[in-house]
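Participant: Let's see this in three dimensions:
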Amino acid sequence: QVQLVESGGGLVQPGGSLRLSCAVSGFTLDYYAIGWFRQAPGKEREGVSCISSVDGSTYYLDSVKGRFTISRDNAKNTVYLQMNSLKPEDTADYYCAATSRRCSGYAYSFGYWGQGTQVTVSS
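Facilitator: Modelled structure (predicted):
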């Protein structure tokens, strides 16, 4: 059974950091790209970052480049999203998702989703 479980969300002040984790089971990271998406209230879900299964190539939304870093630990079957210099506009529910295709910023490309973890950036 394919399962993705996010953790690490919470309340943080502007300029602070959080590390999100996505623990996967039922498949291995060797064959699936993992993406992080976020959805703020009243807004569409947007792709934040993705890491390829083939060569570990990484991709980022322009607004998070230089602040967020995606990584994976294949031995632990876990993908991380390190978020630094957080801004109030980063506030959203964050989801990890898996695809057997190439990385994409489009949610429809991903067939497996976690339940999400909430990130709130506020003073």
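
Participant: now the strands for the protein?
Facilitator: Assigned by DSSP state E, the strands in the chain fall at 3-7, 10-12, 18-25, 33-39, 46-51, 58-60, 68-73, 78-83, 92-99, 112-113, 117-121.

Participant: ok, Arg67 to Val119 distance?
Facilitator: 13 Å (C-beta to C-beta, to the nearest Å). C-beta here means a position set from N, CA and C on the backbone, and glycine is covered the same way.

Participant: just to revisit the earlier point, of all the strands of the chain, which lies closest to Gly105?
Facilitator: strand 46-51 (3.2 Å; C-beta to C-beta).

Participant: Just give me how far the closest one sits from the chain centre.
Facilitator: 6 Å (C-alpha atoms, centre = their mean, to the nearest Å).

Participant: Can you give the contact residues for it?
Facilitator: Strand 46-51 is contacted by residues 33-39, 57-61, 64, 68, 70-72, 79, 81, 94, 103-107 when judged by C-beta atoms under 8 Å, 6 or more residues apart in numbering.

Participant: Narrow these to just the buried residues.
Facilitator: Listed as buried from the contacts of strand 46-51 are 33-38, 59-61, 64, 68, 70, 72, 79, 81, 94, 103-104, 107; burial here means 16 or more other C-beta atoms under 10 Å.

Participant: What separation is there between Gly111 and Gln118?
Facilitator: Gly111 is 23 Å from Gln118, by C-beta to C-beta.
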